[in-house]
Every structure is written in structure tokens, then in C-alpha cells.
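> Dropping the sequence and predicted coords here.
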Amino acid sequence: MDDYPRKLSDIESRFAAEEACRKYLAELRWPSGFSCPRCSGTEAWYMNTGLMRCRSCEYNLSLTAGTIFEGTRKPLLMWFRAIWWVVGQKNGASAKGVQRMLELGSYQTAWAWLHKIRRAMVRPGRDRLSGVIEIDETYIGGEKPGKRGRGALGKALVAVAVEDKGNDGIGRIRLAVIPNASQESLSTFTKQAVEPGGTIRTDDWSGYGKISDEGYSHAVVPAHDLKIAHLVISLMKRWLDGTLQGAVSRQHLEYYLDEFTFRFNRRRSDHQGLLFFRLLQNAMVIEPTTYRQMAKNVRGKKASNHNM
């Protein structure tokens, strides 16, 4: 199913009724057709309450349960508008922008919605990077006195992996906050970000000493030769400073990195409708997270079954 709106007016006309929104989400949740979680029945009807009822066992289920939309009291059309607006912002979205666009009375609601949407920017089970990869780390955070370098105090350490496509330029990226620059932390990040068999370029930091033991070819180069990794780091910091005016709390940094990754990896896409579609697909397989959990930086688990 690659059926998606091409412009905002398509959303406004096609999804004016809540039932149309629900049917669209149902097709995303069950792309091969409805499957009852209780009896595996393949037919259901929509009830006036917003629930679905299996025709076989008459089990009632919520279409939005177990998704980022769970428990919402707002019309789904408002969520569709918000997601369309977010993917259309070339330089990143802000809670203030969401609040103005949806005319929400509460900034807290806009902030919560935007963080829920950011959680859907990372596709469950996404492919790892492959080929030739540069890996480096950088610190994110305000100026603080004290230690500098890989043990800098008061800053968050971010690992960066970038595909080198040669004459085709920079490929995809992966970013993650890591606890430190130890072999254990960098090895864990590498295995999560890169397919075995790839060639990984790093500087001579000892934390990368075990990469060749993990099924990768390891090329050690001078730090100044990690040009594409340094370029991505520079763009990421400029984006954080420009779009968010540097106002990124350490506890929520991971979600902002998710947004930057989503936008960077789709930077050549001119199809806002397709980005809207992909983000909605992800939204239907990301477990819900409450405002309280988000405020405490509890990341919702990523569901592994698209037909949940």
C-alpha cells in the first residue's frame, strides 16, 4: 500500500471524517488485511464508539491501542495535519510551531504530540548501514569548565556512523547517545548500526580496538581524514543550534537525534506525501508513551510485529 496524499488539501478532503482516518490507519496496521488478535478472524466492522468488532468472535478492539495515538481525545485529522506539517519542515519542527499550526491552547499538548511523532521517526527493525562506514564521536552540550576531550564533563557523548558512497556522496547515518567512549560502548553502537562484513574507518582511539573482532574490516586513519563523519557532526550541531536554538535537554537529546537522522536520510526526497505515509506507518507500530514517561525520558519500546 503506497497510497498517500500529495498535498494538504488532499488530507483535508480525504480525511474530513473520522471514519476515513480510521480506515486508513487500519490499512497501515494490517497491510495484508485485518487479523483479529483473539481468533485470527479476517473481517471486522467499525462501531460508532470508534472501536472495531471482529465478525467471527465479536471481540472489540481499539485501532489505536498500542500506537502513538492511544488514548488521544483529539480527532485523528488533527494528528494527520500535525504529521504533514512536521515532515514538511525542512529545518526541523518545534512544539511552538505545532501549537500555532493546530491552534492548541496547551503548549504541553503540542510538546507531547511532537515527541510522540519523533518516536515514530525510527522504524522498528530498520536496516543497518552497509559498505564503507566512518564512525566517530562528538560531545553535545553547553560550555562547562573542566576536562576536555573524550572524557569531557557535563556533556552528552554522541556516536556517529556514516555511509561513504564514494562518488555518490554521503549515504545514510545512524546516531546514538552512548555512556562513554569505551570499547564496550563503541562496540555495542557499531553492532547496532552496521551490518557485519562492512569496512569501518575510525581514528586510532583505543575504544575502536576490537572492531575487527566483530566481523568488520577495520581501517585506522588520521582523525582529520574522517571527513564525512565530521561533516555530519557539523551539520547536526548546526541543526541543533539553529532549529532548536541549542535548547536541547540532555534527557531528550536521543529524540532530537532521531529527528535529525530521519530528515538527513530523506534529504533528497521531494515527496512530502511519501514521508507522511512512512511516518504514519511507523506510528502504528510504536508503543504508546505517556506525557509523564516522556518528561522522565522513558523511551517507548519499538514493536516488532507489524500486524499486532
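Perfect, thanks for sending it.
> Quick check: next helix or strand after the longest helix belonging to the chain?
Longest helix of the chain, by residue count under DSSP state H: helix 227-243. The helix or strand immediately downstream of helix 227-243 is helix 253-265, counting by DSSP states H and E.
> got a list of contacts for that next one?
For helix 253-265, the external contacting residues (CB atoms under 8 Å, 6 or more residues apart in numbering) are 90, 92-93, 115, 118-119, 121-122, 140, 156, 158, 172-177, 232, 235-236, 239-240, 244, 248, 279, 297, 299. C-beta: built from backbone N, CA, C; applies to glycine.
> Same question for stretch 59-72.
Outside stretch 59-72, the residues within contact range by CB under 8 Å, 6+ apart are 22, 25-26, 29, 36-39, 47, 50-54, 76, 79, 116-117, 119-120, 283-289, 300, 303, 308.
> then it to CSV, C-alphas only?
Extracted in CSV, the C-alpha atoms of stretch 59-72 (Å, rounded to 0.1, in the frame of the first residue of the first chain):
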residue,chain,number,x,y,z
TYR,A,59,-14.1,-9.2,20.1
ASN,A,60,-13.9,-5.4,20.4
LEU,A,61,-10.6,-3.8,19.9
SER,A,62,-9.2,-0.3,19.6
LEU,A,63,-7.5,0.5,16.3
THR,A,64,-5.1,3.0,18.0
ALA,A,65,-4.3,0.8,21.1
GLY,A,66,-0.5,0.1,21.1
THR,A,67,0.3,3.1,18.8
ILE,A,68,1.3,6.7,19.4
PHE,A,69,-2.3,7.6,19.1
GLU,A,70,-3.5,5.5,22.0
GLY,A,71,-5.8,7.5,24.3
THR,A,72,-6.0,10.6,22.2
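> in this protein, what secondary structure element scores lowest on mean pLDDT?
Lowest by mean pLDDT, DSSP states H and E among the helices and strands of the chain is helix 291-295, with a mean of 77.
> Is Cys21 in a helix, a strand, or coil?
helix (DSSP: H, G, I helix; E, B strand; the rest coil).
> neighbours of Gln251, just the number please.
Residues within reach of Gln251, counting by other CB atoms under 10 Å, total 13.
> next one: Ala120
Neighbour tally, Ala120, other CB under 10 Å: 25.
> quick revisit: what is the longest helix of the chain packed up against?
strand 132-140, strand 156-164, strand 170-178, helix 253-265 (3 or more CB pairs under 8 Å, 6 or more residues apart in numbering; DSSP states H and E).
> In terms of mean pLDDT, which of these ranks lowest?
For the helices and strands packed on helix 227-243, mean pLDDT drops lowest on helix 253-265, to a mean of 91.
> Quick one: work out the angle between the helix or strand just after that helix and helix 253-265.
Toward the C-terminal end, the helix or strand that comes next after helix 253-265 (DSSP H and E) is helix 272-283. Orientation check (axes from the mean of the first three to the mean of the last three CA atoms, to 10 degrees): helix 272-283 against helix 253-265 gives 140 degrees.
> Could you pull out the buried residues of helix 272-283?
For helix 272-283, burial by neighbour count (16 or more other CB atoms under 10 Å) applies to Gln272, Gly273, Leu275, Phe276, Phe277, Arg278, Leu279, Leu280, Gln281, Asn282, Ala283.
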